[in-house]
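A.B. asks: A predicted structure for the sequence below; I have some questions about it.
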Amino acid sequence: MSVPPPGSLTQLERAAAFDPALPDAYEPLFVGERRVALDEVLTRYPTRMAALLPALWMVQEARGWVSEAAMAEVAEVLHVTPAYVKGVVTFYTMYHQRPVGRHFVQVCTTSPCNVCGAEDVVRAFLTHTGSGEIGATSPDGRFTVIEVECLGACGFATPIMIDEDVIEGVTAAQVPEIIARYP
Amino acid sequence: MGYPHPPHPRETVLLSQYFGDPEARSLAGWRQRGGYRALEQALAMEPTAVTTIVKDSGLRGRGGAGFPTGTKWSFMKPGDGKAHYLCCNADESEPGTFKDREIMRWTPHALVEGCAIAAYAIGAETVYIYIRGEFTEPLQRMTEAVREAYAAGLLGPGAMGGKARIDVRIHKGAGAYICGEETALMNSIEGRRGNPRIKPPFPATAGLFGMPTTINNVETLAAVPHIITQGAAWYKAMCLSSPKSPGTKLFSVCGNVRRPGNYEVVLGFPFEEFLYDLCGGPPAGRKFKAIIPGGASVPIQTMDEVRATKMDYEGFVAGGSMLGSGGVICIDDAQCMVKQIGRLARFFAHESCAQCTQCREGTSWTTKIVERIEAGQGTPDDLDTLLEIADNMTGKTICVLSDSCAVPVVSGIQKFRDEFDAHIQGHRCPFRVAAAAA
C-alpha cells in the first residue's frame, strides 16, 4: 500500500489507508440509516462529544469490535481527534479493541460469586469451549471467555453473560449444556 | 419482597411490591397500580414545595453516602438562567449490590416517575439515566418505559399537560465501576474517560456540561413517588431505630447464605434477625465467619460484631461499619479470608481509573502482596507493609476508590490476623490443605 501525501486526505481516509487489518477501502459506518440514528442521538446532548459512548456502541454492534479505522471515523464525525477516541475506548472494558469469538462469555468472579464457586464455572467454560485461557478465542472461533468484575447479580451466583443474555445461578456442571445453546 | 423468594411477613414492601409481577412493567399496568398519580400531584405544586416534602420526609441517598435528598435538591437554585440537569445513577456495580437492577427490571415506570418528579423539583429539563452496559435487561426495560411515557405525553414538552419540559434520556455505560462515582459518571456522559473530578466545584454548582446538576441513585428516586402521594409525615414515621434514618431500604443479600435475594425492611431492623429469620442464616452445617454489610467498600465485620446492629445509617456506623449501598455479603467458615481479601483488592485494582498515584500503585501492590501471602509466600513484614500502604491510600486521593480498597485490607488484617499469620508461618493456605484432604 502506498503512503498518501500528507494534507491530501481526511482523517478517515488516512486511517483507512494505514490500517493493515482492513481492506484498502474502509467502509464507513456512519452513512445512511446509521448516520440518521447517530444524528438522532446527537439531539439528546448539548455537545457532539457526548455522543461518543453511544457512537462506539453503534460501531461495536455493527462490526463486533472497534478498530482503529472505526475510531478515526467516529473522531471525524464527532469533531474530536482519533487519539482522544482511543483514550476513551481504552478506558472502558466493554469495547473490544480486537475481534472476539462469535459468542462472548463473561463470568463474574468477584467476591460474592467467588465464595459460591465462580472459579469452577470459569474453568469449566475455558475447558468446554476449548478457548483454554482468559481472553483467548477458541480455535473454532466460536467463544471468547473472560472473567468480569461484578455483573450486579450477586444474589444469583454465579451469573454469566453470553453476548446480551444474562444467565443466573450457573454451576460448572451446567456449562456443557449452556454452551450447546450457542452454536 | 425477597425476590426471587416470596415476600417475608416481616418485610415492608414499598419499592419491591411488584417485583416478579410482569404486568407492572407496562404503562397501563403501572397506572392500574397507582402509577403517575404522584407526578400529577407534584406538577400541580410549586417545585420548591416538592423539594420541601422530600426534605421533610427525611429520605436519604440510597447509593451509599446517605446524604439527605431534599437538602441536595435545595442546592439547585431555580431561575438562575442556566440549564439544570438530573443524573440518575444506575451504574450499580458495588459488589454485593443488585437492588437497582430489580427496580429497573420490574418497575421501570417507578424510576421514570421518580426522575420526572425530581427533575421538576430542581428545574431540570433533561434527565440522564446512566445504566451500566452489562445491564442488558434493565436497559431494555427502561428504554421501553421511557418510550411509552413519551408516547403518552408524560414526558417531553408540556409533560403531563403541564408547563414543564421533562426529557428523560438513557445513557448506556461501557464497563467501569468508577463511573458510579458521581463526577466520573458526569464525565462519562460527556463522552470522556470516567475519571472522577476534583471537588469543589460540587455538581450543584458546576456539574454535567458545567451546569448545576443533581445526581441521585435509582432507589432514592423510586422512593419519591410514594413520599409525594402518602406524605412526608407518613414516610418519616417508618422508622425502627434512629429518627435520622426513616423509610424502607432494599438490602441485597448474597454469598454464603441460605436465601439470597433482595429484602425490603424499615430502616433500623435488627440485623441478626434479618440474617437468620429473613435470609435463613448460613448454609447447612456452616457458620457465618464474616459479614460485609454495605457492599465491598465498607469494613468487614465478624458475626459477633454485627449481632446487635440496627440496620440504618447510624446503626451500622455504631457497629463499626457502614450501611453503604445495602449489599450484604455473607462469608462462611469454609472460606479463606486471605483469599477473599485478596479478591476484593483485585477488584479495586482492576477498577482504579489510575489518575491518582496512591490508588493506581496502592491497589495493585496490595493485591500482589495479599495474593502472595495466600500462595504461602508471604513474609512476616508483609502485614506491616500492607497497613502502611493502606494508610497512604486513605484520604489522599480525588475519590474514595483508593480508601475502599484499604478498608477491607485493614479491617481484614485486624479481625482475621490469625488466618494471615497461619499462611505466613505455615507457608501455605490451611483452607487449601483442608480442601485437598477432604
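C.D. replies: Received the coordinates, thanks.
A.B. asks: mind listing what residue B:268 touches?
C.D. replies: Contact analysis of residue B:268 by Cβ atoms under 8 Å, 6 or more residues apart in numbering or on different chains lists B:239-242, B:245, B:310-312, B:315. Glycine gets a C-beta too; all of them are placed from N, C-alpha and C.
A.B. asks: before we move on, what about residue B:377?
C.D. replies: residue B:427.
A.B. asks: helix/strand/coil for it?
C.D. replies: coil (DSSP: H, G, I helix; E, B strand; the rest coil).
A.B. asks: next one: residue B:169
C.D. replies: Secondary structure, three-state DSSP: residue B:169 is strand.
A.B. asks: what's the burial count for it?
C.D. replies: 15 (other Cβ atoms under 10 Å in any protein chain shown).
A.B. asks: my guess is it meets residue B:125, correct?
C.D. replies: No - using Cβ atoms under 8 Å, residue B:169 is not in contact with residue B:125, being 11.0 Å away.
A.B. asks: remind me which residues of chain B are low pLDDT?
C.D. replies: Residue ranges of chain B with pLDDT under 70: B:1-3.
A.B. asks: In it, mark out all the strands, start to finish.
C.D. replies: B:85-90, B:126-131, B:167-172, B:213-217, B:248-255, B:261-266, B:269-270, B:288-292, B:301-302, B:310-311, B:327-332 (DSSP state E).
A.B. asks: Mind listing the strands the longest one pairs with, and their directions?
C.D. replies: Translated: strand B:248-255. strand B:261-266 (antiparallel), strand B:327-332 (parallel) (DSSP bridges).
A.B. asks: How about the second one?
C.D. replies: Paired strands of strand B:126-131, with direction, are strand B:85-90 (parallel), strand B:167-172 (parallel) (DSSP bridges).
A.B. asks: what's in contact with the first one?
C.D. replies: Which is strand B:85-90. Contacts for strand B:85-90 (Cβ under 8 Å, 6+ apart): B:63, B:100, B:104, B:111, B:115, B:118-119, B:122, B:124, B:126-132, B:135, B:138, B:142, B:180, B:182, B:185-186, B:189, B:207-209, B:211-218, B:221.
A.B. asks: and it, C-alpha only, in PDB?
C.D. replies: Listed next in PDB are the C-alpha coordinates belonging to strand B:85-90 (Å, rounded to 0.1, in the frame of the first residue of the first chain):
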ATOM      1  CA  TYR B  85     -29.500  18.500  34.900                       C
ATOM      2  CA  LEU B  86     -30.600  15.500  36.800                       C
ATOM      3  CA  CYS B  87     -28.500  12.400  36.600                       C
ATOM      4  CA  CYS B  88     -29.900   9.100  37.800                       C
ATOM      5  CA  ASN B  89     -27.100   6.800  38.900                       C
ATOM      6  CA  ALA B  90     -28.000   3.300  37.600                       C
END
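A.B. asks: Pull the number of nearby residues for residue B:420.
C.D. replies: 21.
A.B. asks: now stretch A:109-117: mean pLDDT?
C.D. replies: For stretch A:109-117, mean pLDDT is 96.
A.B. asks: Give the buried residues for that stretch.
C.D. replies: By neighbour count, with 16 or more other Cβ atoms under 10 Å in any protein chain shown as the criterion, the buried positions of stretch A:109-117 are A:109-116.
A.B. asks: start to end distance for it?
C.D. replies: 8 Å (Cα to Cα, to the nearest Å).
A.B. asks: Ok, stretch B:23-35 next?
C.D. replies: 13 Å.
A.B. asks: Residue A:106 is in contact with residue A:151, isn't it?
C.D. replies: Yes - Residue A:106 lies in contact with residue A:151 (Cβ under 8 Å); the separation is 7.1 Å.
A.B. asks: the more surrounded of these two?
C.D. replies: Taking other Cβ under 10 Å, residue A:106 and residue A:151 do not tie; residue A:151 has more neighbours (27 against 23).
A.B. asks: So that one sits against residue A:159, correct?
C.D. replies: Yes - between residue A:151 and residue A:159 there is a contact at 4.8 Å, judged by Cβ under 8 Å.
A.B. asks: Could you single out the most deeply buried of the strands paired with strand B:126-131?
C.D. replies: strand B:85-90 (a mean of 28; mean count of other Cβ atoms under 10 Å in any protein chain shown).
A.B. asks: what's the angle from it to strand B:213-217?
C.D. replies: 20 degrees (axes from the mean of the first three to the mean of the last three Cα atoms, to 10 degrees).
A.B. asks: how about residue B:370, what does it touch?
C.D. replies: With Cβ under 8 Å, 6+ apart, residue B:370 has these contacts: B:338, B:341-342, B:345, B:386, B:409.
A.B. asks: which one of those residues has the most neighbours?
C.D. replies: residue B:341 (29 neighbours).
A.B. asks: ok, back up a step: so for residue A:151 and residue A:159, which residues contact both of them?
C.D. replies: With Cβ under 8 Å, 6+ apart as the test, residue A:151 and residue A:159 both reach A:108, A:166.
A.B. asks: For the stretch 251-400 of chain B, what lies in contact range of chain A?
C.D. replies: B:252-256, B:260-262, B:292, B:296, B:327, B:329, B:331-332, B:335, B:340, B:343-344, B:347, B:350-351, B:353 (Cβ under 8 Å from any Cβ of the partner chain).
A.B. asks: try 10 Å
C.D. replies: By Cβ under 10 Å from any Cβ of the partner chain, the part of the stretch 251-400 of chain B that sits against chain A consists of B:252-257, B:259-263, B:283, B:290, B:292, B:295-296, B:327-332, B:334-336, B:339-344, B:346-348, B:350-351, B:353-354.
A.B. asks: Please check those and keep the buried ones.
C.D. replies: B:252-257, B:260-263, B:283, B:290, B:292, B:295-296, B:327-332, B:334-336, B:339-344, B:346-348, B:350-351, B:353-354.
A.B. asks: Quick one: residues contacting residue A:41.
C.D. replies: Going by Cβ atoms under 10 Å, 6 or more residues apart in numbering or on different chains, residue A:41 touches A:50-51, A:53-55, A:57-58, B:169.
A.B. asks: any weak-confidence spans in chain A?
C.D. replies: A:1-24.
A.B. asks: 90 instead, please
C.D. replies: A:1-26 (pLDDT under 90).
A.B. asks: Just the helices from it, written as ranges.
C.D. replies: Taking DSSP state H as the criterion, chain A carries its helices at A:11-18, A:32-42, A:52-63, A:68-78, A:82-91, A:111-114, A:118-129, A:175-180.
A.B. asks: Highest mean neighbour count out of those?
C.D. replies: Using mean count of other Cβ under 10 Å, helix A:111-114 ranks as the most buried of those, with a mean of 30.
A.B. asks: Just the CA atoms of it, as CSV, please.
C.D. replies: Extracted C-alpha coordinates of helix A:111-114, given in CSV (Å, rounded to 0.1, in the frame of the first residue of the first chain):
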residue,chain,number,x,y,z
SER,A,111,-16.1,-11.9,45.9
PRO,A,112,-19.8,-12.8,46.4
CYS,A,113,-19.7,-15.2,43.4
ASN,A,114,-16.2,-16.2,44.3
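A.B. asks: hmm, it in reach of chain B?
C.D. replies: Yes - among the residues of helix A:111-114, A:111-114 lie within reach of chain B under Cβ under 10 Å from any Cβ.
A.B. asks: Now these in a markdown table, please, with extra columns for distance to residue A:164.
C.D. replies: Shown next, in a markdown table, are the residues of helix A:111-114 next to chain B (distance: Cβ to Cβ, whole Å):
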| residue | distance to residue A:164 |
| --- | --- |
| A:111 | 25 |
| A:112 | 23 |
| A:113 | 20 |
| A:114 | 24 |
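A.B. asks: between those, which is closest to residue B:174?
C.D. replies: For the residues of helix A:111-114 next to chain B, the residue nearest residue B:174 by Cβ to Cβ is residue A:113; the value is 21.6 Å.
A.B. asks: Quickly note the distance from the closest one to residue A:155.
C.D. replies: Going from residue A:113 to residue A:155 by Cβ to Cβ, to the nearest Å gives 10 Å.
A.B. asks: Find the residues that touch each one of these two.
C.D. replies: Joint contacts of residue A:113 and residue A:155 (Cβ under 10 Å, 6+ apart) are B:254-255.
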